[in-house]
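A.B. asks: Below is the structure, and that's it, no one-letter string:
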């Protein structure tokens with residue numbers, strides 16, 4: 001399994017605040033909870049700089065990570081944009097030193 005960090009941002013340039021209805025936000029939260037219980041979304045945070053989220057994703061491939069994001073209702077309606085989807089690699093400093 002690989003890990004990815006997704007930076008998500010509300011598409012407020014294209015959609016007014018009223019587009020983010022309580023019902024739609026609840027559907028989004030429910031789908032995010034489902035991805036969490038399935039083990040795809042490992043952790044999620046609200047962003048402090050802009051309306052949006054940061055998601056730590058665990059998936060077999062970049063395509064699988066994209067599929068999980070594409071299943072979110074806000075992304076399906078172009079209300080949420082994927083600003084970045086970054087593959088993560090192990091930090092070399094945590095490996096045991098030899099020699």
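C.D. replies: Great, that's in hand. Computed from a prediction, not measured in an experiment: that's the story for all the values here.

A.B. asks: quick one, strands of this structure?
C.D. replies: 2-10, 41-46, 52-59, 80-88 (DSSP state E).

A.B. asks: Could you measure from the closest residue in space to residue 14 that isn't next to it in sequence over to residue 12?
C.D. replies: Spatially, and ignoring its direct neighbours in sequence, residue 14 is nearest to residue 78 (6.7 Å; Cβ to Cβ, 6 or more residues apart in numbering). To be clear about C-beta, it is placed using only N, CA and C from the backbone, and glycine gets the same treatment. Distance, residue 78 to residue 12, by Cβ to Cβ, to the nearest Å: 12 Å.

A.B. asks: Those two: who's more crowded?
C.D. replies: When residue 78 and residue 12 are compared for neighbours, residue 12 comes out ahead with 15 against 11, by other Cβ atoms under 10 Å.

A.B. asks: need the contact list for that one.
C.D. replies: Contact analysis of residue 12 by Cβ atoms under 8 Å, 6 or more residues apart in numbering lists residue 51.
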